[in-house]
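*Asks:* Pasted the sequence and its predicted model underneath.
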Amino acid sequence: MQSINRFLYGPTPEERLDAATTKARATVKQLAEKGDVKSARILAKEVVRSSKQKDRLSVSKARLGSIGTQLTQQLAMLKVTGSLQKSTDIMKLSNSLIRLPQIAQSMREMSMEMTKAGIMEEMLEDMLDMEEDEAISEEADAEVDKVLFELTNGKLGQAGMVGTELPDKLADEEAERTMEQYRQQLDGLLSS
């Protein structure tokens, strides 16, 4: 990019100043070698002035860069301020449209319905788990009987089955109590 700028616009002011300073130093050396001290002094003062001028240009360039950065920052802050103002206006409008007590009531009702649905689902899962456990234990008993029959060459089958189950009366009472609890819970949920 710099080479294109040099081609179009020529050397930059800093480059021109550097070239002039280099020429002036060479001329001071030549005058000093010739013995023209007065001209050499005048030209040396000009070299010092040009180096001071170069320093001033660098400081000015840095200040302008700093000012440009500050302006960019202020523009960005202005844009952010405008966006925040618009957001505040939108929030005010949305708050005026929303009726908080009605939303809170709807949320409470929804929470109650979800709680009822969760308890009902839990009850159904418990019932299904009990039925699955009974089916699995029956299958396991049948498999155990089959393996024992094969291992004892059919002699275990002649001995008969040993009852491991509770009497039917106790099992029926327990199932009835469980069902009554579930009915009460379900009635309580439906009534509230």
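*Replies:* It's in. Residues are numbered from 1 along each chain as shown.

*Asks:* Centre of the chain to the helix or strand harbouring residue 113, how far?
*Replies:* Using DSSP states H and E, residue 113 falls within helix 100-151. Centre-to-centre, helix 100-151 and its host chain are 37 Å apart (CA atoms, centre = their mean, to the nearest Å).

*Asks:* and the gap between residue 107 and residue 120?
*Replies:* 20 Å (CB to CB, to the nearest Å). From N, CA and C alone the C-beta is placed, and that goes for glycine too.

*Asks:* more neighbours, the two?
*Replies:* Shown here are residue 107 and residue 120; by other CB atoms under 10 Å, residue 120 has more neighbours (15 against 10).

*Asks:* contacting residues for the more buried one?
*Replies:* Residue 120 makes contact with 186, 189 under the criterion CB atoms under 8 Å, 6 or more residues apart in numbering.

*Asks:* Any regions of the protein where pLDDT drops low?
*Replies:* Residue ranges of the chain with pLDDT under 70: 1, 128, 131-135, 154-170, 192.

*Asks:* let's see 80
*Replies:* 1-14, 17, 94-103, 117-121, 123-124, 126-142, 144-172, 185-192 (pLDDT under 80).

*Asks:* could you pull out the helices for it?
*Replies:* With DSSP state H as the criterion, the chain has helices at 2-9, 13-34, 37-97, 100-151, 155-159, 168-191.

*Asks:* which one of those is the most hemmed in?
*Replies:* Mean neighbour count, computed with mean count of other CB atoms under 10 Å, is highest for helix 13-34 among these, reaching a mean of 13.

*Asks:* Helix 2-9 and that one, what's the angle between them?
*Replies:* For helix 13-34 against helix 2-9, the angle by axes from the mean of the first three to the mean of the last three CA atoms, to 10 degrees is 80 degrees.

*Asks:* Put the alpha carbons of helix 13-34 into CSV.
*Replies:* This file holds the C-alpha atoms of helix 13-34, laid out as CSV (Å, rounded to 0.1, in the frame of the first residue of the first chain):
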residue,chain,number,x,y,z
PRO,A,13,6.5,14.5,4.4
GLU,A,14,8.7,12.5,6.8
GLU,A,15,10.6,10.9,4.0
ARG,A,16,11.2,14.3,2.4
LEU,A,17,12.4,15.7,5.7
ASP,A,18,14.8,12.8,6.2
ALA,A,19,16.2,13.2,2.7
ALA,A,20,16.7,16.9,3.2
THR,A,21,18.4,16.3,6.6
THR,A,22,20.7,13.7,5.0
LYS,A,23,21.7,16.1,2.2
ALA,A,24,22.3,18.9,4.7
ARG,A,25,24.6,16.7,6.8
ALA,A,26,26.5,15.8,3.8
THR,A,27,26.8,19.4,2.8
VAL,A,28,28.0,20.4,6.4
LYS,A,29,30.7,17.8,6.1
GLN,A,30,31.8,19.1,2.7
LEU,A,31,31.9,22.7,4.0
ALA,A,32,33.8,21.7,7.1
GLU,A,33,36.4,19.9,5.0
LYS,A,34,36.8,23.0,2.8
